[in-house]
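Visitor: Using only what follows, build the 3D model:
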Amino acid sequence: MSTQRYSVTPHPIETLLTWVKSGEIAIPEIQRPFVWEATKVRNLLDSLYQGYPVGYLIAWRNPTVRLKDGTPSAGKRILIDGQQRVTALMAALLGREVLTRDYETLRIRIAFHPLEERFQVANPAIRSDVAWIDDLAEVFAPSASVLKLVRDYCEKNAEASQDVVFASIEKLRKIVNNHVGLIELAEDLDIETVTEIFIRVNSAGAELSQADFAMSKIAVNEKYGGNLLRKAIDYFCHLAVAPEFLARIEKNDEAFASSEFLPKMRWLKDVNDDIYDPTYTDMLRVAFTSEFGRGKLQDLVALLSGRNFETKQFEETIAEQSFARLKKGILAFINETHFDRITMILRSAGFVTSDLISGRNAVNFAYVLYLRGRAEGVRAADLERLVRRWYAMSVLRGRYTGSPETAFDFDIRQVEARGLEAYADVVIENELPESYWTGMLPQLMDTSSSNSPYFLCYQAAQVKLGDKGFLSRDITVLDLLMNRSDVHHVYPKKHLKAQGLSRGRYNQIGNFVLAQSEINIAIGDRAPAKYFKELAEQVSGGKKKYGGISSERELRANLRANCIPESMLDGEIPDYDDFLEERRKLMALRIKAWFEAL
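Guide: Numbers count the residues shown, from 1 in each chain. The predicted structure follows:
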């Protein structure tokens, strides 16, 4: 007996386009916005023109699925796989606007060169070049006449042969006769099975993450409000980046605008802070881990399906409870007070710009701890200190860089079993013993990556400790970072390059300081021996060549704050490698002082 739950039928592209125009083919909520680059649309059309296969589409008929516009599907063909290809054809051949991943409507214009039989994404140069038909939608318009198209083209291109142009435009128009295989799923399949097929088909191509799977599971559920919850997650992420998008939601999505979610995220319209702009994966991780006490998103998919982990059965009540708990977690995530506090905690640790935030998952788990602490009633000041220290520790130790889901799951289960404060204290003590600061950290700082977590923490330390920029009398490291200042070299780059040192050697983070551009320019490519001698003269009543410091006591304090050996001011200029080794030790101790101040 056959277990096949589908049929396969070839259909001309013209038929597919007719179904699109009439609404016979519909795109369900589980699908994502149009994410193809315009060049991919061009390549699809070129493949059709060359007569190459372009893959199968998968559709399903079911009257109970909710579509993107909020209406039931009413017997339409629901496109489960192939949205990007069908949307590309709609855009290029029918002239339809598409909704991008940024929730913007956009017209994709593909141009065609009849003489060279080439396709290209239309741009100003192509639009002004009469050798191109700058918009394929003109060729496929119902009122289009091939003879008129050929005549108009040849009038603009006197050297063109009418026969050649006619042949290529006719060949172009015939691509709609090419057949595409349509796999139609059995009508009696339930939405859970269809979602599973969607996941399996997509995971064979551009791999979807567990977060994508969870978002699909959430989106197809109307019974417990999953469709609105999905929009809440998507819209919050978008508003965090583009607050002006609020007006578009209010205008174009009345159902969501009248829901309980939009008022709770309206505060984002006045926020221009980019220190933590979460993705939907971030939101799901934080909401799920903090609310369910689990860290693996595959468990969320199972719980939303109603899985009872003890009996291995699927129960409707568990699905209902899981959607309610996830909603509670999402509402906690988007709460203005909570979100404001987590960003404030990061700032208060010295991470004042998004450039200083390295591991996003470290921020996510810090937010999890904050939400758990709030729920447990931990005193505000104690909770903020705990979260600051945990975040710093997890960045320094790379706690969530390898297998974040496993680390999330382990840590949250330990928090549940041992209590938040007790567990955090033990982990921090074990992860950052005295030997870490004096032995391991200086070795870890032997790197040329300015994005290394150690250098990011060093900069945060300088902010938190109120340090001035290198050789600055008044300008702080905070001032420099807020003005997107570049890092500069203590041993100038040109000086080291002249000695034959490679990029990885002269760009060591042990050679980096934050300094005003004027000071960096004044130093230029001078050898350290030369400009430190001039600095010594500067603070002995000599000419001010490097910044405004004129007191030796003040200059030595500045060198200590920037982890520069004071002996250099006394004329003891070490070999470059010895300098790096000494400075890494000093930087590690500065980071230690910072951590203890958290």
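Visitor: Next, please give the residue ranges for the strands of the stretch 451-598 of the chain.
Guide: Counting by DSSP state E, counting those that start in this stretch, the stretch 451-598 of the chain has strands at residues 487-489, 512-514.
Visitor: Check those strands for me and report the most buried one.
Guide: Neighbour counts (mean count of other Cβ atoms under 10 Å) averaged over each of the strands of the stretch 451-598 of the chain peak at strand 512-514, with a mean of 22. C-beta here means a position set from N, CA and C on the backbone, and glycine is covered the same way.
Visitor: returning to that earlier point: the strands of the stretch 451-598 of the chain: lowest mean pLDDT?
Guide: With a mean of 92, strand 487-489 has the lowest mean pLDDT of those.
Visitor: Show me the contact partners of that strand.
Guide: 450, 470, 496, 506-507, 511-515, 519-520, 523 (Cβ atoms under 8 Å, 6 or more residues apart in numbering).
Visitor: Make a markdown table out of the strands of the stretch 451-598 of the chain and add distance to residue 171.
Guide: Compiled in a markdown table, the strands of the stretch 451-598 of the chain are given as follows (distance: least, Cβ to Cβ, whole Å):
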| stretch | distance to residue 171 |
| --- | --- |
| strand 487-489 | 57 |
| strand 512-514 | 60 |
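Visitor: Any idea which of these gets closest to residue 434?
Guide: strand 512-514 (25.7 Å; Cβ to Cβ).
Visitor: Figure out the helix or strand that residue 180 lives in.
Guide: strand 179-185 (DSSP states H and E).
Visitor: okay, that strand in CSV with CA atoms only?
Guide: Taking C-alpha atoms only, strand 179-185 is exported to CSV below (Å, rounded to 0.1, in the frame of the first residue of the first chain):
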residue,chain,number,x,y,z
HIS,A,179,6.8,24.0,-17.2
VAL,A,180,7.5,24.0,-13.5
GLY,A,181,6.6,20.9,-11.5
LEU,A,182,4.0,21.5,-8.8
ILE,A,183,4.0,19.0,-5.9
GLU,A,184,0.5,19.2,-4.3
LEU,A,185,0.2,17.8,-0.8
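Visitor: That strand: which residues count as buried?
Guide: Buried residues in strand 179-185, counted by 16 or more other Cβ atoms under 10 Å: 180, 182, 183, 184, 185.
Visitor: helices or strands up against it?
Guide: Packing partners of strand 179-185 (3 or more Cβ pairs under 8 Å, 6 or more residues apart in numbering; DSSP states H and E): strand 6-12, helix 13-22, strand 57-61.
Visitor: So for that strand, mean pLDDT?
Guide: 87.
Visitor: Partner strands of it, with direction?
Guide: strand 6-12 (antiparallel), strand 57-61 (parallel) (DSSP bridges).
Visitor: Please identify which of these is closest to residue 562.
Guide: strand 57-61 (60.8 Å).
Visitor: Can you check what angle separates the closest one from helix 13-22?
Guide: Relative orientation of strand 57-61 versus helix 13-22 (axes from the mean of the first three to the mean of the last three Cα atoms, to 10 degrees): 50 degrees.
Visitor: got a list of contacts for strand 57-61?
Guide: 6, 16, 25, 73, 75-82, 85-86, 180-185, 187, 189, 194, 197, 201.
Visitor: Adjacent strands (with direction) for the helix or strand following it?
Guide: Going down the chain from strand 57-61, the next helix or strand is strand 77-81, by DSSP H and E. Paired neighbours of strand 77-81 in the sheet (DSSP bridges): strand 25-26 (parallel), strand 57-61 (antiparallel).
Visitor: list the buried ones in strand 77-81?
Guide: 77, 78, 79, 80, 81.
Visitor: Name the residues linked to the first one by a beta bridge.
Guide: Yep, that's residue 77 we're talking about. Under the criterion used (DSSP bridges), residue 77 bridges to residue 25, residue 61.
Visitor: Can you check what pLDDT the model gives the nearest residue to residue 320 once chain neighbours are set aside?
Guide: Excluding the flanking residues, the one nearest residue 320 by Cβ to Cβ, 6 or more residues apart in numbering is residue 224, at 5.6 Å. Residue 224 carries a pLDDT value of 90.
Visitor: is it fair to say residue 224 lies in a helix?
Guide: No - in this structure, residue 224 is coil, not part of a helix, as judged by DSSP: H, G, I helix; E, B strand; the rest coil.
Visitor: residue contacts, it?
Guide: 319, 320, 323, 324.
Visitor: how much space between the second one and residue 472?
Guide: Going from residue 320 to residue 472 by Cβ to Cβ, to the nearest Å gives 60 Å.
Visitor: Who has more neighbours out of those two?
Guide: residue 472 (23 against 14; other Cβ atoms under 10 Å).
Visitor: care to break the chain down by domain?
Guide: 1-201, 209-432, 441-597 (automatic domain parsing).
Visitor: what about the last one, distance to the chain center?
Guide: On the basis of Cα atoms, centre = their mean, to the nearest Å, the separation between the geometric centre of domain 441-597 and that of its chain is 32 Å.
Visitor: Flag the shaky bits of the stretch 1-150 of the chain, pLDDT-wise.
Guide: 1-3, 26-33, 62-76, 101-104 (pLDDT under 70).
Visitor: Please disregard the earlier target; I meant the chain.
Guide: In the chain, residues with pLDDT under 70: 1-3, 26-33, 62-76, 101-104, 188, 190-192, 194-196, 198-209, 220.
Visitor: longest helix in it, by residue count?
Guide: helix 576-597 (DSSP state H).
Visitor: so what does it touch, helix or strand wise?
Guide: Against helix 576-597 (3+ Cβ pairs under 8 Å, 6+ apart) you get helix 380-396, helix 441-444, helix 453-464.
Visitor: how about 7 Å then?
Guide: helix 441-444, helix 453-464 (3 or more Cβ pairs under 7 Å, 6 or more residues apart in numbering; DSSP states H and E).
Visitor: Which among these is found nearest to residue 39?
Guide: Ranked by Cβ to Cβ, the member of those that lies closest to residue 39 is helix 453-464, at 35.1 Å.
Visitor: who's in contact with the closest one?
Guide: Residues outside helix 453-464 that contact it (Cβ atoms under 7 Å, 6 or more residues apart in numbering): 349-352, 356, 358, 392, 395-396, 398, 441, 444-445, 477-478, 481, 509, 512, 514, 587, 590-591, 594, 597.
Visitor: swap in stretch 363-379?
Guide: Against stretch 363-379 from outside (Cβ under 7 Å, 6+ apart): 276, 282, 285-286, 289-290, 332, 338, 341-342, 345-346, 357, 383, 386-387, 390-391, 394, 400, 408, 411-412, 415, 420-421.
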